[in-house]
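Engineer: I'll drop the sequence and a predicted model, then ask my questions.
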Amino acid sequence: MTTNFVQKLTESVLTYRWWVLGGIVLIVGVLSVGVPRIQITSDHFVLFAEDNPELQIFELFEDTYVETNQALLAIAPKVGTIYTRESLEFIEDITNEAWFVPFATRVDSVANFNHSESLDDDLYVGPLVENAAELTDTELARIQNIVQTSSELIDRLVSRDGQVAAVLINFVLPEDRDAAVLEVTNYLRDLVETTKVAHPGFDLYLTGEIIMQRTFYDATQADMTTLIPVVFLVIVVLTLLLLRSWTGTVAVTVLVIGTINLTMGLAGWLSIVLNPVTAGISVIVMTLAVADSVHIVTSYLANLRTGTVKQTAIKEAIRTNFQPITITSITTALAFLTLNASDSPPFHVLGNFVAFGVIMALLLSFTLLPALLSVLPIRVKTQSVKKHEMFTRLADFVIKRKYWLLGGGIVVIGLTISGVFRLQFTDNWTQYFDQRFQFRTDSDFVAQNLTGLESWEFSLDSGTDGGVTNVEFLNKVENFANWLRKQEEVGYVHTFTDTMKRLNMNMHGDKEEYYKLPEESALAAQYLLLYEFALPFGRDMNDQIDIGKSATRMTAVAQDGMTSDEIKELGDRAELWLNQNTPELATDTTGFTIVFSHLSERNIDSMLTATVIAMGLISLILLIVLKSVKIGFISLIPNYVPAALTFGVWGHLVGQVGLAGSVMTAMAFGIIVDDTTHFLSKYQLARRTGMTPPDAIRYTFEKVGRALWTTTVVLACGFIVFSLSGFEVTWTLGLMLSITVILAFVADFLFLPPLLLTIDRKK
């Protein structure tokens, strides 16, 4: 039945080839109109599902205090420290300029720090630095002393050595966040560039969450404009070199273009918004689309070289490849659809549209491709002796050395897979981008010279309105802050109790022995009220205490270079300490860093079951298609082993993997099963015609060797182009998939045949 269907389909396509070509061009054209509708987002929170527990806690935290849309502008004098008139005047000017950045709601720096002190038995609160150009040496020394003894400034707004200062800018963004992020970051970048020209004596560095959001946008745009043309060029060149046919190359190229336009056109019509993860859809679809067409074109060219007439050569190529290509396309699509189980929504989009692209490539392979081949002119030399000599020799080598290859393969597999136990899954948002992005280099500078960029946030609730000034509550908060400061992972702790200790000292004539918490709740409430009344216009305490004064915020900033596991571990320790020592203050650790640190772990948990189910379904499909339980189970080894080997190699050479590792297995399995399916389909065909296992191996090598070699080279090179991306998830995924494809080819040609020869002994 299948043979009749394939025969009728192919004959219909060839008979009505111009109608087929015209209809496909029309469909592709209509869908392609959607391509310009595709938008790019800068929102890094698209990586998280709306019901993500860590994200929900973080959003509640932001609702209680202030949004953490923040930019940090670091200032480093090229000569001297910040404790000079020139430096402080520059910081003062930048602080004032920062208020004009669109959507800015708060600006903090050493210049406008709310310094409080006792003056004539009264509390004075005002900017630490005013009219910096007119400061005397005595006043400069006083400012330096205040900064260096302030836990609220050191390691937060000023480095310990005084070489770097920071201007922190907070934003409240409107509903159209993407446009707002572009507007804010464009303004800041222009400000930095013009300031560098006007003040060449200072270096400026930009980092922070809002700068990261812009870098997400830039990375997506860079991948779209770089990876797609490079992969397309690689595919065309490699296809031409490996097929050695202009006609075949043109046919494959047209099919790839059609598949991409159908896929991305649909994405545009559905208003899909791209981000660094989904930017790879085009590249993956392009690479996978080649695999189907190459098998058909390779068979077509081989048929022509044996003297078969053109139309018959096309029909035979479709007939012999219809089942394996259909099966491999279905299994590949199924594998990518499992990405819907990911905890990260962009992978849902990636999986769905790659699956759609794979099915489109399948349909075009049996319609557009034969129609094209029938109308394109072609000239090939008839040859029958040396057509697959290389793979014939390889088959003889494998048959002769089967036990050595099998034994050696088992040893190599075991040693390589052992590297999996050395792997650490980690995500660090500051390292999502490589050094080509200014955000990364600036972030590295800030982390090394001023303050860490990862932090833990805590909302400590007193349980009653106005309870933040209850001395019992304040002492518990202070104890927790002191515990955090003793942890080696913590760089500094920003806490409301430091403000209260400073106020208590101020109200006792600035005597250092009174730098401690007030002893009475009524006094603490009075001090806070006086302080708030004395704050300059536009300043408040909303970043430290909630509107009902029932809860306070504590921020612990990490040392530089922490992994997500280390960040989660300290967060867990902090929660445990609170539960054991002050259970009434127990709370969830949160913060931007915490949300990201759980990303890989959540994806692994969500993908594990889906991947196992997909592997089971795909394996069942192979068992049914191959019509042999024994051969079906043998096929599982070359399908499962390559991904495990890749993780082993990665563990030995790199040691850690992030978000990409959580989805790589599912994607890789769907791709590498193609080679095994083609190999075993031809092997089974040979065995059913009465060939012995060794002869069946030779036949298989001769029939699919060149095609599998071609698809492996194209797939590996296509995925390795991902390494050109500056986004860690993209280049890691591409490199791991490339390694997996290569290892799958090696397994199918050097490990699977000896396994078949050892187990399939029936004559």
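Structural biologist: Great, that's in hand.
Engineer: Tell me how far the residue nearest to G548 when sequence neighbours are not counted lies from S628.
Structural biologist: Spatial nearest neighbour of G548, chain neighbours left out: D465 (4.7 Å); criterion: Cβ to Cβ, 6 or more residues apart in numbering. For every residue, glycine as well, the C-beta is placed using N, CA and C. Between D465 and S628 the computed distance is 74 Å (Cβ to Cβ, to the nearest Å).
Engineer: Likewise for R160?
Structural biologist: On the measure of Cβ to Cβ, R160 and S628 end up 71 Å apart.
Engineer: And D465 and S628? Which one has more around it.
Structural biologist: Neighbours per residue, other Cβ atoms under 10 Å: of D465 and S628, the larger number sits with S628, 16 against 12.
Engineer: what's near enough to touch the more buried one?
Structural biologist: By Cβ atoms under 8 Å, 6 or more residues apart in numbering, S628 lies in contact with Q684.
Engineer: State the distance from it to L622.
Structural biologist: The value you get for S628 to L622, if Cβ to Cβ is used, is 10 Å.
Engineer: Buried residues, the top helix by length along the chain. List them.
Structural biologist: With secondary structure taken from DSSP state H, the chain has its longest helix at helix 209-243. Using 16 or more other Cβ atoms under 10 Å as the burial criterion, the residues of helix 209-243 that qualify are 209-220, 222-224, 227-228, 231-232, 234-236, 238-240, 242-243.
Engineer: quick check, D203 in a helix?
Structural biologist: No. Applying DSSP: H, G, I helix; E, B strand; the rest coil, one finds D203 to be strand, outside a helix.
Engineer: Show me what it is bridged to.
Structural biologist: Beta bridges link D203 to A76 when assigned by DSSP bridges.
Engineer: neighbours around it, how many?
Structural biologist: Counted by other Cβ under 10 Å, the residues lying close to D203 total 15.
Engineer: Name all residues that make contact with it.
Structural biologist: The neighbourhood of D203, defined by Cβ under 8 Å, 6+ apart, consists of I75, A76, K78, K196.
Engineer: How about the first one, nearest residue that isn't a chain neighbour?
Structural biologist: Sequence neighbours aside, A165 is the residue nearest to I75 in space, at 5.0 Å (criterion: Cβ to Cβ, 6+ apart).
Engineer: What about the contacts of D203, which one has the most neighbours?
Structural biologist: Neighbour count (other Cβ under 10 Å) singles out I75 as the most crowded of those, with 25 neighbours.
Engineer: Check the gap between that residue and A133 for me.
Structural biologist: The gap separating I75 from A133 is 16 Å, by Cβ to Cβ.
Engineer: what does L752 give?
Structural biologist: Distance of L752 to A133, computed by Cβ to Cβ: 78 Å.
Engineer: Tell me which of these two has more neighbours.
Structural biologist: Between L752 and A133, counted using other Cβ under 10 Å, the more crowded position is L752 (28 against 10).
Engineer: ok, that one - contacts?
Structural biologist: Neighbour list for L752: I634, I637, P638, T676, F679 [criterion: Cβ under 8 Å, 6+ apart].
Engineer: Show me the helices in the stretch 301-450 of the chain, by range?
Structural biologist: Assignment of helices within the stretch 301-450 of the chain using DSSP state H, counting those that start in this stretch yields the ranges 310-337, 345-365, 368-375, 389-400, 402-417, 438-449.
Engineer: Show me where the stretch 651-763 of the chain dips below the pLDDT cut-off.
Structural biologist: 762-763 (pLDDT under 70).
Engineer: Quickly list the domain ranges of the protein.
Structural biologist: Segmentation of the chain into domains, based on automatic domain parsing, reads 2-43+214-380+390-422+598-759, 65-200, 450-596.
Engineer: Can you add distance to I57 and give these back as JSON lines?
Structural biologist: As requested, the domains of the chain are arranged in JSON lines below (distance: least, Cβ to Cβ, whole Å):
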{"stretch": "domain 2-43+214-380+390-422+598-759", "distance to I57": "11"}
{"stretch": "domain 65-200", "distance to I57": "13"}
{"stretch": "domain 450-596", "distance to I57": "5"}
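Engineer: Quick one: closest of these to W429.
Structural biologist: Of all the domains of the chain, it is domain 450-596 that lies closest to W429, at 4.6 Å by Cβ to Cβ.
Engineer: Please name the nearest non-neighbouring residue to V20.
Structural biologist: Leaving aside its chain neighbours, V20 sits nearest to A371 (4.5 Å; criterion: Cβ to Cβ, 6+ apart).
Engineer: wait, the one you found sits on G22?
Structural biologist: No. A371 is beyond contact range of G22, at 9.7 Å (criterion: Cβ atoms under 8 Å).
Engineer: the more surrounded of these two?
Structural biologist: Using other Cβ under 10 Å, the more surrounded residue of A371 and G22 is A371, with 24 against 12.
Engineer: Buried subset of the contacts of L752, written for ChimeraX?
Structural biologist: Remark: buried members of those, expressed as a ChimeraX selection using 16+ other Cβ under 10 Å:
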select :634,637,638,676,679
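Engineer: Which of the contacts of L752 fall in helices?
Structural biologist: Going by DSSP H, the helices hold I634, I637, P638, T676, F679 from the contacts of L752.
Engineer: Who are the contact partners of the second one?
Structural biologist: Under the criterion of Cβ under 8 Å, 6+ apart, the contact list for I637 reads A747, F751, L752, L755.
Engineer: neighbour-wise, which of those residues leads?
Structural biologist: Ranking the contacts of I637 using other Cβ under 10 Å puts L752 first, with 28 neighbours.
Engineer: any idea how far E175 is from that one?
Structural biologist: 56 Å.
Engineer: which intervals of the stretch 1-150 of the chain have sub-threshold pLDDT?
Structural biologist: 1-2, 120-121.
Engineer: what's near enough to touch the closest residue to Y124 other than its chain neighbours?
Structural biologist: Leaving aside its chain neighbours, Y124 sits nearest to E117 (5.5 Å; criterion: Cβ to Cβ, 6+ apart). Residues near E117 by Cβ under 8 Å, 6+ apart: L123, Y124, N506, D510.
Engineer: right, and the last one touches S118 too?
Structural biologist: Yes. With contacts defined as Cβ under 8 Å, D510 counts as touching S118 at a distance of 4.9 Å.
Engineer: The closest residue to L350 other than its chain neighbours: neighbour count?
Structural biologist: With sequence-adjacent residues excluded and distances taken as Cβ to Cβ, 6+ apart, L350 is closest to T278, at 5.3 Å. Using other Cβ under 10 Å, the number of residues around T278 comes to 26.
Engineer: pLDDT score for T278?
Structural biologist: Per-residue confidence at T278 stands at 87 (pLDDT).
Engineer: For W483, see how far away the closest residue to L474 other than its chain neighbours is.
Structural biologist: Spatial nearest neighbour of L474, chain neighbours left out: L517 (5.0 Å); criterion: Cβ to Cβ, 6+ apart. In this structure, L517 and W483 are 16 Å apart, going by Cβ to Cβ.
Engineer: returning to what we had before: just say which of the domains of the chain is most tucked in.
Structural biologist: Each of the domains of the chain was scored by mean neighbour count; the highest is domain 2-43+214-380+390-422+598-759, a mean of 20, by mean count of other Cβ atoms under 10 Å.
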